[in-house]
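Enquirer: Give me a model of this one.
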Amino acid sequence: MACRIEDYGLIGDCETAALVGRDGSIDWLCWPSFDSDACFAGLLGTSRQGRWQIAPAQEVTKTSRRYWDDTLILETRFETAGGTVAVIDFMPPRGKASDIVRLVRGISGQVKLRMEMVIRFGFGTDIPWVKKSEDGSALLAICGPDLIVLRTEVQTRGEDMTTVADFEVGEGETVPFVLTYGPSHLDAPEPIDPLQALQKTRDFWTEWSTRCTYQGCNRDLVMRSLITLKALTYGPTGGIVAAPTTSLPEILGGPKNWDYRFCWLRDATFTLLALMNSGYTEEASCWHGWLLRAVAGSPADMQIMYGIRGQRRLLEWEADWLQGYEGAQPVRIGNAAHAQLQLDVYGELMDAFHQARVAGLKLDERNWNLECKVLEHLAEIWDRPDSGIWERRGDGKHYVSSKVMTWVAFDRAIKSVEKFGLEAPLEKWRTLRDTIHRDVCEKGFDRNLNTFVESYGSPLLDASILLLPWVGFLPGNDPRVRGTLTAIEKHMMRDGFVMRHDSREPRDRKLRPEGAFLACTLWLADAYVLAGEIDKAQTLFDRVVGVANDLGLLAEEFDTAARRQTGNFPQALTHIALINTAHNLSDARKPAMQRSK
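Expert: Below you'll find the predicted structure:
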């Protein structure tokens, strides 16, 4: 059985990532990239569907873990009656091949350990052909296009389709294991020196972390969030995946299990500001470049998400042989929501481009032509129903947050024209901007309830309306915004956290309620900042960081009843929101004021 979601740590090489459990088991790894098939899929099934565990063979009396300073090097310590041992896990910056290095280091006494490796390509279905290399120095696992090479000084053997090893480590000793991926039609990748790789990895992350300019409160958590964001970046293109996992359930035991190994446009401006305000302009520029390439083409074909290389066809299917995390089915690969109409993405794109221009990022000369084409198309479709920011499946609605983001699209274009002297049909855009604003205020605000609502004509709320002051649609102290915050507090909060959907909305009573949405809780904190209620904002921020795991990592949601993290993990949007809220609290409302001006 897999660990609790919060019991995992993250390692990665900025092209893919692995989850390492507190029990010393790597239960999730897609190789060679984030969107590849998993070769360790035990997270969503059983250990028979892929995992790599190194742990004491005797009873463990205490387990602790930490990252080495501001790096992605994970150390897990196991204490036993015979002594203490540390397993140091990391993925070196990728060279010619991708490697996972596991160093077993004796801290005290003498500890017996066992290694068990179950390699299953194709999300747990495909058993590889395993053999020794010609010189006997490595173990080769081959299946179709994939090759994995295990190198270690420990003697391994096969047991019941599993590679195992039993060994001992004494104080001061280090036993290395190196697992390397390569294409099966080529020679096995050359071996690396594991200790040199450790130093190289430490140098890489230490140097990267020193570029952080944030010096406010909770700097350690902000730094960990930035490192996580870097780890979720696909280095060759600059695309940032929403999470490295698929189908970790939003509701424990439920069917809301989605593939998040893709890049969402809805996160664009939040991501850009989090990176730029923290000193990472190179990463912000790469993210902007990915955005521009991904959406290139007809604006009518623009999607809400793309693959890490900008792929558009993200066909959804179900891996019915996997039982799902704690039985949550189905396990989905791909994401059908990529074909939905979500009007908010047009505003996100235009806002991201405007913020990049204001920040002085070097933009491609094709940028403005693309932006104008986007607005030509948006002028024709802004008043259509859509699927909304939460990717509702079924008939579309006139979602308030979607309409507000169409207003943002024209507003940011107008500001770019006014600030940078660009050519555009300014009066037409101003007229449209004002028309949309009136439409939202007339149809999306319920005067009897004194709140903005989820969609036109609905009495229900949703958490995305918290973004209205964030994006500058109305000031944070506007009476309509204050009324909305009061309604959110009354109907959208559980145990001090913000839910994504209104608690009054009909739901399947056979299922547990969905967990609190952590990014939305931080959005309420940002709205408090803009309303001048700093103490309330700080309380919410502290509440969210209080449910981070011992490594500072956060999933998408938090089940307040079970006191457990839920949803895909670690979640980029949650960590992005944490970074931006920390800046809002420490830097005189910097990110919120950047978007609201």
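
Enquirer: got the buried residues for the longest helix seen in the chain?
Expert: Scanning the chain for the longest helix, with DSSP state H as the assignment, gives helix 400-420. By neighbour count with 16 or more other C-beta atoms under 10 Å, helix 400-420 contains the buried residues 400-417. Glycine gets a C-beta too; all of them are placed from N, C-alpha and C.

Enquirer: hey, where'd the strands end up in the stretch 401-550 of the chain?
Expert: 445-446, 451-452, 493-494, 497-498, 516-517 (DSSP state E, counting those that start in this stretch).

Enquirer: Now these in CSV, please, with extra columns for mean pLDDT and distance to Val111.
Expert: Listed next are these as CSV, based on pLDDT from 0 to 100; distance: least, C-beta to C-beta, whole Å:
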stretch, mean pLDDT, distance to Val111
strand 445-446, 98, 64
strand 451-452, 98, 59
strand 493-494, 96, 44
strand 497-498, 98, 41
strand 516-517, 96, 40
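
Enquirer: what helices or strands is the longest helix of the chain leaning on?
Expert: On a contact count with 3 or more C-beta pairs under 8 Å, 6 or more residues apart in numbering; DSSP states H and E, helix 400-420 meets helix 344-358, helix 367-381, helix 426-443, helix 467-470.

Enquirer: Now with 6 Å, please.
Expert: helix 344-358, helix 426-443 (3 or more C-beta pairs under 6 Å, 6 or more residues apart in numbering; DSSP states H and E).

Enquirer: and that helix, how far from the chain's centre?
Expert: Computed by C-alpha atoms, centre = their mean, to the nearest Å, the separation of helix 400-420 from the middle of its chain amounts to 26 Å.

Enquirer: C-alpha coordinates for that helix, CSV please?
Expert: Taking Å, rounded to 0.1, in the frame of the first residue of the first chain, the C-alpha atoms of helix 400-420 are listed here in CSV:
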residue,chain,number,x,y,z
VAL,A,400,-18.3,35.3,-13.6
SER,A,401,-14.6,34.6,-13.4
SER,A,402,-14.4,33.7,-17.1
LYS,A,403,-16.1,37.0,-18.1
VAL,A,404,-13.9,39.0,-15.7
MET,A,405,-10.8,37.5,-17.4
THR,A,406,-12.1,38.6,-20.8
TRP,A,407,-12.3,42.0,-19.3
VAL,A,408,-8.7,41.6,-18.2
ALA,A,409,-7.6,40.6,-21.7
PHE,A,410,-8.8,44.0,-23.2
ASP,A,411,-7.7,46.0,-20.1
ARG,A,412,-4.1,44.7,-20.3
ALA,A,413,-4.0,45.3,-24.1
ILE,A,414,-5.2,48.9,-23.6
LYS,A,415,-2.6,49.4,-20.9
SER,A,416,0.2,48.0,-23.1
VAL,A,417,-0.9,50.4,-25.9
GLU,A,418,-1.0,53.4,-23.5
LYS,A,419,2.4,52.6,-21.8
PHE,A,420,4.4,51.3,-24.8
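
Enquirer: Which residues outside that helix are in contact with it?
Expert: Helix 400-420 is contacted by residues 343-344, 346-347, 350-351, 354, 357, 375, 378, 382, 386, 388-389, 422, 424, 426, 429, 432-433, 436-437, 440, 444, 452, 464-465, 468, 471, 473 when judged by C-beta atoms under 6 Å, 6 or more residues apart in numbering.

Enquirer: swap in stretch 280-291?
Expert: Here stretch 280-291 has contacts from Thr237, Gly238, Gly239, Ala268, Thr271, Leu272, Leu275, Met276, Ala356, Leu361, using C-beta under 6 Å, 6+ apart.

Enquirer: From Arg312, how far out is the second one?
Expert: Here Gly238 is placed at a distance of 17 Å from Arg312 (C-beta to C-beta, to the nearest Å).

Enquirer: for the first one, same thing?
Expert: Look at Thr237 and Arg312: by C-beta to C-beta, they are 14 Å apart.

Enquirer: who's more crowded, those two?
Expert: Shown here are Thr237 and Arg312; by other C-beta atoms under 10 Å, Thr237 has more neighbours (20 against 14).

Enquirer: phi, psi of the more buried one?
Expert: Thr237 adopts backbone torsions of phi -120, psi -20, taken as degrees, to the nearest 10.
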